[in-house]
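> Structure of the sequence below:
(one chain, ligands or ions: 1)
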Amino acid sequence: MDESKKCFFCEAQSARFKFETQSRLDQTFFVFRCAQCGCLFLNPQPTAEELNLAYKDDYYGEGESKFAGPIEHLVQWFREARARRVARLLKPSQHILDVGCGNGRFLAQLIRQGFKADGIELEGNSAKRAAQVKGLNLHIGAFDEVDFKGQQFDAICLWHVFEHLPQPQRTLDKIESLLKTGGYLFLSLPNAASWQAMMAGPLWFHLDPPRHLFIPTAKGLLSELDRRGFVLKNIRHFSFEQNPFGFIQSWMNRFTQPREVLYEQLKGHGKHSVSGHKLAGAALATPALVLSILESLMRRGATIELVAHKK
Ligand SMILES: [Zn+2]
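Numbering: from 1, shown residues only. Coordinates of the predicted model:
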């Protein structure tokens, strides 16, 4: 185990070993927690080889989409809702950058409304799908390596992407330099201080080892953004898309090996359209929804979505 005490996010020398966790591929990772900001992070960080295995192409789904039939429609509905939230704060013709743009459908929606859009995605199936989106200026590669040649944006979005990137402080530096004064940062990610995280520990669905390199707390993230001169516009602690499912899958992880079996089935990786896992998931939906509402009322949502603007 790496004995380094340095927090992966706030860089304070106050991290302590918290628990061991297993990936779907049965690799063991050590999770540390920072006493300063509450961030959870893998220590040591996964190797390039471990990440390659975890991201092998089926993570993004084969063919056209990541999820199976009806689930993909639901995902598309959430994507469109997100695009509407962004569009409400901006004027058409303004310029949006989506970091980790996936198949580009979120940006496609905004392009249809007259926005200019750049997207970044790693090479692979998703990037191939994004390359088909008309009007999208696609950059293939890692965020910290793409050169924007002095270009600045009116909005930058990272939807469940920040926690995948290897150098959070450098990521934030780059976001700051790419955002115009008054520009908006849209960020969604899991919350290490959520009830769900506390209850599920190593089996937490949104821990997603080793793809999530670190998970900050809402409070730790807000204090970092404040230190950098961002002003919070709003923060949501409830996500119908992410939070109830997180409870369901975290509970089910107690009984299945490897973890995330239901999630994989919803991505179309199971043989059967009706399975014991899906029925169990449906039975757990009501308690999961109730707990998700309660934790969000206490501002301890399993995932958060925030908008901040640069002063
Ligand atoms: Zn920290």
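> quick one: contacts for the nearest residue to G301 once chain neighbours are set aside?
In space, and not counting its chain neighbours, G301 is closest to H237: 3.0 Å by Cβ to Cβ, 6 or more residues apart in numbering. (C-beta placed from N, C-alpha, C; glycine too.) Contacts for H237 (Cβ atoms under 8 Å, 6 or more residues apart in numbering) come out as N191, A218, E295, S296, L297, R299, R300, G301, I304.
> Now the buried members of those residues.
Using 16 or more other Cβ atoms under 10 Å as the burial test, the contacts of H237 include N191, A218, E295, S296, R300, G301, I304 as buried.
> gap between the first one and D226?
When distances are taken as Cβ to Cβ, to the nearest Å, N191 and D226 turn out to be 17 Å apart.
> what helix or strand is L289 on?
L289 is located in helix 276-297, with elements delineated by DSSP states H and E.
> Report the separation between V75 and L189.
17 Å.
> List the buried residues in the longest strand along the chain.
For the chain, the strand with the greatest residue count under DSSP state E is strand 179-190. Within strand 179-190, the residues scored as buried using 16+ other Cβ under 10 Å are L179, G183, Y184, L185, F186, L187, S188, L189, P190.
> nearest to F106, of the residues you listed?
F186 (10.4 Å; Cβ to Cβ).
> for the stretch 201-311 of the chain, what are the low-confidence residue spans?
270-274 (pLDDT under 70).
> Number of residues surrounding the residue in it positioned nearest to the ion?
At 6.1 Å from the ion, G220 is the closest residue in the stretch 201-311 of the chain, using Cβ to the ion. Counted with other Cβ atoms under 10 Å, the neighbours of G220 add up to 21.
> what about K128, neighbour count?
Neighbour number of K128 under other Cβ under 10 Å is 13.
> secondary structure class for V31?
strand (DSSP: H, G, I helix; E, B strand; the rest coil).
> What pLDDT is listed against it?
Looking at V31, its pLDDT stands at 98.
> repeat for S65
pLDDT, read off for S65, is 61.
> So for H95, what's the nearest residue that isn't a sequence neighbour?
The nearest residue in space to H95 (Cβ to Cβ, 6+ apart) is K116, at 4.3 Å.
> what's the pLDDT at the one you found?
98.
> hmm, back to that, now the contacts of H237 in a markdown table, with distance to the ion?
Formatted as a markdown table, the contacts of H237 follow (distance: Cβ to the ion, whole Å):
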| residue | distance to the ion |
| --- | --- |
| N191 | 14 |
| A218 | 13 |
| E295 | 22 |
| S296 | 24 |
| L297 | 26 |
| R299 | 19 |
| R300 | 18 |
| G301 | 20 |
| I304 | 17 |
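> For stretch 303-311, buried residues please.
Neighbour-count burial for stretch 303-311 [16+ other Cβ under 10 Å]: T303, I304, E305, L306, V307, A308, H309, K310.
> tell me the SS of the fifth one?
Pointing back at V307 there. Following three-state DSSP, V307 is assigned to strand.
> I figured it hits G183, correct?
No: using Cβ atoms under 8 Å, V307 makes no contact with G183, being 11.0 Å away.
> what residues does this protein put near the ion?
Within the chain, the residues that sit near the ion (Cβ under 5 Å from the ion) are C7, F9, C10, A12, C34, Q36, C37, C39.
> In contact with L89, which residues?
By Cβ under 8 Å, 6+ apart, the contact set of L89 is A155, Y184, K233, V307.
> quick one: which of the buried residues of stretch 303-311 is nearest P202?
T303 (18.1 Å).
> With adjacent residues omitted, what lies nearest to L42?
In space, L42 is closest to F29, 4.9 Å off (Cβ to Cβ, 6+ apart).
> where's the one you found relative to F205, distance?
Counting by Cβ to Cβ - F29 and F205 are separated by 15 Å.
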